[in-house]
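sequence unavailable; structure follows:
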């Protein structure tokens, strides 16, 4: 908790205490008011009773007063002895002289009558009443009555006092417990905040460690690939044998493919690479995989691929599928330091994925296996048991990401010393598999037999090579280095069939903005965007613009240009 | 006695002047009461009796015929020789009975038509006490006789006991007159005749 937070909390706490105090005070005031009202009621009742008694007495002594019979009057007064509350009484004739008096305690009744309103003083009520017979005044009586003894009053106030006391205690206890709870809550929040901070620090540390591993692994892999490419080029220079040159060329190509795969894995891991799903028949895909695996794995490892006939079609990104299998196979290879066997099987299993049909592709090795405590973590990103520089920890996490993105899942089973089986569970698609896309040459249509491409690319070398590819595919091209340059070209009057533009370029306008500008001014001119930058790729796909992800091969370029020219949106890497 | 009278409280609003027996006695003495009842003792006695006469009124249940009209006063009659003199007029001044003003009438002879409510029967040249009593026997009139005057037979009969003015009651006579005597009054009587 921050200092400001603590202060706020304390202020709130004190306001709560104030509320409790105010509540207690209100309680006290209310009970005080009740007591006063009660006291008044009791006094009024005492006065009323004394008045009644005085009137009865007055009625009784009216005749003795009328005829000066002091003995009778005295008899009536003496009868008051039965009431211990009566302290003194007097009966007075019409002239106001006392005819009879009674005294049990305190001061005697006055020597002369004075009829007046009731008086209350010192816990005593003094009442007077005229003695009247009919309408004829015969005299008056005086009566002094003790209202209530101390014990009587205490007895009366005890319940109220007890209630007030208990209520006040209750309020105080509630206030105290509330304060205690708030304090505990504040401490808990502080602890939670500290724990979160510690966890954040731990996460940061883990991330740094992962970054170190990743950097090492990626650098290692890239160095290897660059080594292959570099040495291949050297060897090609020294060799005139076409067969050998072809083999070297294939090696270089393979290295470049793996490099592309590596960056794909990074993008896939960061969930930035859009998947391009198609409905495919895995039988063909698995057959093509053999050559790739033969090159990737060592010679002491035997690969067998068994696909059940009639596999159901599945909907996935074929490239990612390939990458996922290579990743699993590479892990299997690394688990078999002394060679072994990798068995890849594919079979239909009904209701194996939350009740849905699925195609299960399993990769089983005869390696050292994975320890049970490690098994649950193998799909975590950056988790690796390999030494720094030997692996990125991204391989199996790509497998996991791919399986999830394809609507399926991945399962791993392992027996230490026996081997490991990783199974991709891919949901059956109810669509029919599309035929493998054929690479078709561009179909020139204009007078010169060629189409015109406006190539927008800031990098000279990339522009040069892409230009070569365009020419190879039968296109003419004009290059612009910036988006504004491209607009100048478009405004120069030359006709273009398509604009093929990079997305991230120097200058005020990006490729995306260029595409928007063209869509406004020339809605019929198709634009194909290309980028190797995932954020840009997301922006383009979000707007439904055709996109070709770098690096791409000439076949993909041909395909995408064709599609864009025919007006179909597409994303192709 | 004079000192006591001087110390009497001031008159209170709406109330009659307090009639002090001592003062009444002094007044009676000054007025020169008839022979036979002469002396301070006799004067005090008649002052007390004068004070009592109208006070019987509230302790009697009166039949409606006792009053000629709602506004009719409460009439105290003195038949024959008057032993009270101005003392009686002084005693009744400002007093009410049953909400009626109290008047004093002095008569030589009495009849049922004289409108008396209380009739003190004394000796009279014009009418013997017995005749007066007979006249009033069935009338709603509270007859009062006085032992000291040598007359008896009234519903109320004054006697003196232990130096105090007391009275006896005749319930049969009261019944004959259609009067109901209050139990409060009956308890104060030294003797009651004709109780049921």
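Sure thing, it's come through. As the structure is a computational prediction, the values presented were derived from the model and not from experiment.

what about whatever residue of the stretch 451-573 of chain A ends up closest to chain B, how many residues nearby?
Across the stretch 451-573 of chain A, no residue is closer to chain B than residue A:542, which sits at 107.2 Å (CB to the nearest CB). For glycine as for every other residue, the C-beta is placed from the backbone atoms N, C-alpha and C. Using other CB atoms under 10 Å in any protein chain shown, residue A:542 has 10 neighbouring residues.

what residues of stretch A:372-380 count as buried?
Buried residues in stretch A:372-380, counted by 16 or more other CB atoms under 10 Å in any protein chain shown: A:378-379.

just the endpoints, please. Distance across it?
With CA to CA, to the nearest Å as the measure, the ends of stretch A:372-380 fall 15 Å from one another.

distance from that stretch to the middle of the chain?
26 Å (CA atoms, centre = their mean, to the nearest Å).

those helices in the chain, which residues are they?
All of this is about chain A. Under the criterion DSSP state H, chain A contains helices at A:3-66, A:70-78, A:150-238, A:242-269, A:282-296, A:318-335, A:395-405, A:460-472, A:483-491, A:511-521, A:534-542, A:554-565.

hmm, I had chain B in mind actually
B:2-6, B:21-31, B:40-53, B:86-92, B:129-135, B:171-177, B:183-188.

which helices and strands sit right next to the last one?
Going back to what we said before, that points to helix B:183-188. With contacts taken as 3 or more CB pairs under 8 Å, 6 or more residues apart in numbering or on different chains; DSSP states H and E, helix B:183-188 sits against helix A:3-66, strand B:164-170.

so who does the most centrally placed residue in chain B touch?
Centroid check for chain B by CA atoms, centre = their mean gives residue B:53 as the closest residue, at 2.3 Å. Applying CB atoms under 8 Å, 6 or more residues apart in numbering or on different chains to residue B:53 gives the contacts B:76, B:88, B:91-92, B:118, B:120, B:144.

thinking again about what came up before, which one of the helices and strands packed on helix B:183-188 is the most hemmed in?
For the helices and strands packed on helix B:183-188, average neighbour numbers computed from mean count of other CB atoms under 10 Å in any protein chain shown are highest in strand B:164-170, which has a mean of 21.

report back the residue of chain A that's furthest from centre.
residue A:67 (102.6 Å).

how close does the nearest residue to residue A:111 once chain neighbours are set aside sit to residue B:55?
Nearest non-adjacent residue to residue A:111, counting by CB to CB, 6 or more residues apart in numbering or on different chains: residue A:98, 6.2 Å away. According to CB to CB, to the nearest Å, residue A:98 and residue B:55 sit 19 Å apart.

so the two - more neighbours on which side?
For residue A:98 versus residue B:55, neighbours defined as other CB under 10 Å are more numerous around residue B:55 (24 against 19).

and for that one, nearest residue in space, chain neighbours not counted?
residue A:66 (4.4 Å).

likewise for residue A:368?
Going by CB to CB, 6+ apart, residue A:368 has residue A:335 as its nearest residue, at 5.3 Å.

what's the answer for residue A:107, then?
Looking at residue A:107 with CB to CB, 6+ apart, the closest residue is residue A:88, at 6.7 Å.

same deal with residue A:418?
residue A:369 (5.7 Å).

and that neighbour, what does it touch?
Contacts of residue A:369 by CB under 8 Å, 6+ apart are A:335, A:414-420.

from chain B, how far off is it?
Residue A:369 sits 125 Å away from chain B, taking CB to the nearest CB, to the nearest Å as the criterion.

ok so, going back, need the pLDDT of the residue of the stretch 451-573 of chain A closest to chain B.
Here the pLDDT value assigned to residue A:542 is 74.

with residue A:499 instead?
93.

cool, and residue B:26?
45.

within range of chain B, give me the residues from the stretch 51-200 of chain A.
Taking CB under 8 Å from any CB of the partner chain, the part of the stretch 51-200 of chain A that reaches chain B is made up of A:60, A:62-64, A:66-69, A:72, A:94-96, A:112, A:133-138.

try it again with 7 Å
Within the stretch 51-200 of chain A, the positions adjacent to chain B are A:62-64, A:66-69, A:72, A:94-96, A:112, A:133-137 by CB under 7 Å from any CB of the partner chain.

narrow those to those that are buried.
By 16+ other CB under 10 Å, those give A:62-64, A:66-69, A:72, A:94-96, A:133-134, A:136-137 as buried.

which two of those have the greatest separation?
Distances among those were taken as CB to CB; the most separated pair is A:96 and A:134, at 20.4 Å.

and the contacts of residue B:53, which are buried?
B:76, B:88, B:91-92, B:118, B:120, B:144.

still on that earlier bit, now do the contacts for the residue nearest to residue A:368.
A:365, A:367-368, A:420 (CB atoms under 7 Å, 6 or more residues apart in numbering or on different chains).

reformat those as TSV; add neighbour count and pLDDT.
Listed next are the contacts of residue A:335 as TSV, based on neighbours: other CB atoms under 10 Å in any protein chain shown; pLDDT from 0 to 100:
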residue	neighbour count	pLDDT
A:365	25	92
A:367	24	88
A:368	18	87
A:420	24	91
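
so which of these sit within strands?
Among those, the subset assigned to strands under DSSP state E consists of A:365, A:420.

mind putting the contacts of residue A:335 into JSON lines with distance to residue B:138?
JSON lines is the format used below for the contacts of residue A:335 (distance: CB to CB, whole Å):
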{"residue": "A:365", "distance to residue B:138": "149"}
{"residue": "A:367", "distance to residue B:138": "149"}
{"residue": "A:368", "distance to residue B:138": "148"}
{"residue": "A:420", "distance to residue B:138": "143"}
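
from the contacts of residue A:335, which is closest to chain B?
residue A:420 (123.8 Å).

residues in contact with that closest one?
A:332, A:335, A:365, A:367, A:369-370, A:412, A:414.

chain center to stretch A:544-560: distance?
38 Å.

cool, stretch A:468-480 as well?
Computed by CA atoms, centre = their mean, the chain-centroid distance of stretch A:468-480 equals 51 Å.

again, but for stretch A:518-538
That offset, for stretch A:518-538, works out to 35 Å (CA atoms, centre = their mean).

quick one: the residue nearest to residue A:107 and residue A:144 touch, right?
Yes - in this structure, residue A:88 is within contact of residue A:144 by CB atoms under 7 Å, at 4.5 Å.

which one's more surrounded, these two?
It is residue A:144, of residue A:88 and residue A:144, that has more neighbours when counted by other CB under 10 Å, with 27 against 22.

and residue 105, how many residues sit next to it?
Chain wasn't specified; assuming chain A. By other CB under 10 Å, neighbour count at residue A:105 equals 10.

sorry, I should have been clearer: chain B.
15.

got the buried residues for stretch B:106-117?
Result for stretch B:106-117 [16+ other CB under 10 Å]: buried residues B:106-107, B:110, B:114-117.

which residues touch stretch A:153-161?
A:31, A:34-35.

just stretch B:64-78 next, same as before
By CB under 7 Å, 6+ apart, stretch B:64-78 touches B:53-54, B:57, B:84, B:88, B:92, B:97-98, B:100-107, B:110, B:114-120, B:122, B:140.
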